[in-house]
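Trainee: I would like to see how this sequence folds:
(one chain, ligands or ions: 1)
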Amino acid sequence: MNIFDDILNLRFIDYLDVVLVALLLYYLYKLVKGTVAINIFLGIIIIYGAWKLTEFLNMELLSGIFGGFMRVGIIALIVVFQPEIRKFLLMVGSTNFSRRRKFLKQLKFLKTEATNESDVDAIISACNKMSMSKTGALIVFERNNNLDFLSESGDEMNIKVTQPIIESIFFKNSPLHDGAIIVSNNIVKATRVILPVNNDKNIPQRFGLRHRAAIGVTEKTDALALAVSEETGHISYFKDGEFVVFEDTTELSKMIKKDLA
Ligand SMILES: Nc1ncnc2c1ncn2[C@@H]1O[C@H](COP(=O)(O)OP(=O)(O)OP(=O)(O)O)[C@@H](O)[C@H]1O
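Mentor: Alright, predicted model coming up:
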């Protein structure tokens, strides 16, 4: 039997299996891409290669050491990749099905629904105003990961996004100004939300809890975050746990629209 016979004998389920493994690898790559985890992943491959090489060369002591290391590898992997595993499970378990359903609906009826564009503009205009008046703000955009588990720490809201609404929420004397707001599909879903804070020592000291919370939420979920500094008035944009550099707010607006699309 040659290779062509093998291919012909593949069942539909085998093709599905291959596609699913490819998808899994793609998501794993997306998770570790650009993070320190990719170096750890390479380190593990190197140690595995060294183990097999020392085994092949019958170097008993060295292969014993590498082998012992690889045997506890699965536990070490869980510990080392804990944030990535967590993010992956979150990605799988809290996918925002309502958004997906809407997408399918659009495909079905070829209906072009209004996009989020105008809302991003309203939010950016509000940020500009708050930046000038040095009003602190923290805005989280929900994407595919459902953020209800975070919203619960704050006050539930259900109000359409407009520039005055965003400004009045973060107005210094407003009872709602503390913490973050979560925006999803043109709606402010929650205010006064407490976000997970990133404790990484490499983040410059000048960034306090607001900015660390923006990093925390965007690294643990696929959300996007905007922060306006109360101290400097500076607007910062966060994605995948990192600051995103932008020239001006016009470029920022384009970036957010693209990331939300
Ligand atoms: N975990 C958190 N989740 C949501 N909001 C938070 C969190 N921690 C702090 N904040 C908000 O950030 C505000 C300012 O915190 P802090 O001064 O430490 O941040 P900062 O990064 O230095 O920002 P700024 O430049 O505006 O001072 C708090 O009053 C609170 O509203």
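Trainee: Pull up the residues of the stretch 101-250 of the chain that are close to the ligand.
Mentor: Contact residues (C-beta under 6 Å from any ligand atom) of the stretch 101-250 of the chain with the ligand: 136, 138, 178-180, 194-195, 197, 207-211, 213, 229-231. Any C-beta I mention is one placed from the backbone N, CA and C, and that applies to glycine too.
Trainee: Rounded mean pLDDT for stretch 71-79, please.
Mentor: For stretch 71-79, mean pLDDT is 78.
Trainee: who touches that stretch?
Mentor: The contact list for stretch 71-79, computed with C-beta atoms under 8 Å, 6 or more residues apart in numbering, reads 44, 69, 85.
Trainee: which among these end up buried?
Mentor: Among these, those buried by neighbour count (16 or more other C-beta atoms under 10 Å) are Ile44.
Trainee: Let's have the contacts of stretch 71-79 in a markdown table, adding distance to Ile159 and secondary structure.
Mentor: Output for the contacts of stretch 71-79, formatted as a markdown table (distance: C-beta to C-beta, whole Å; DSSP: H, G, I helix; E, B strand; the rest coil):
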| residue | distance to Ile159 | secondary structure |
| --- | --- | --- |
| Ile44 | 48 | helix |
| Phe69 | 55 | helix |
| Ile85 | 35 | helix |
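Trainee: domains of the chain?
Mentor: 3-93, 117-260 (the TED database).
Trainee: so which of those is the most packed in?
Mentor: Mean neighbours per residue, mean count of other C-beta atoms under 10 Å, is largest over the domains of the chain for domain 117-260, with a mean of 18.
Trainee: three-state assignment of Ile139?
Mentor: At Ile139, secondary structure determined by DSSP: H, G, I helix; E, B strand; the rest coil is strand.
Trainee: For Leu252, identify the helix or strand it belongs to.
Mentor: helix 249-260 (DSSP states H and E).
Trainee: Most proximal residue of this structure with respect to the ligand?
Mentor: Gly208 (2.3 Å; C-beta to the nearest ligand atom).
Trainee: In helices, which of the residues of the stretch 101-250 of the chain next to the ligand appear?
Mentor: Here DSSP state H is the test, and those give 209-211, 213 as lying in helices.
Trainee: Confirm that Phe149 sits in a helix.
Mentor: Yes. Counting by three-state DSSP, Phe149 is found in a helix.
Trainee: distance of the residue nearest to Asp259 when sequence neighbours are not counted from Ile45?
Mentor: Distances taken as C-beta to C-beta, 6 or more residues apart in numbering place Leu224 nearest to Asp259, at 5.6 Å, with adjacent residues excluded. To Ile45, Leu224 is 32 Å away according to C-beta to C-beta, to the nearest Å.
Trainee: Could you list which residues are in contact with the closest residue to His234 other than its chain neighbours?
Mentor: Counting by C-beta to C-beta, 6+ apart, Ser131 is the residue found nearest to His234 once chain neighbours are left out, at 7.0 Å. Counting by C-beta under 8 Å, 6+ apart, Ser131 touches 228, 233-235.
Trainee: Report the secondary structure element holding Ser131.
Mentor: Counting by DSSP H and E, Ser131 is part of helix 117-132.
Trainee: For the stretch 51-200 of the chain, give me the ranges with low pLDDT.
Mentor: Across the stretch 51-200 of the chain, the ranges flagged by pLDDT under 70 are 91-118.
Trainee: Can you list the residue ranges for strands in it?
Mentor: 137-141, 155-160, 180-184, 187-193 (DSSP state E, counting those that start in this stretch).
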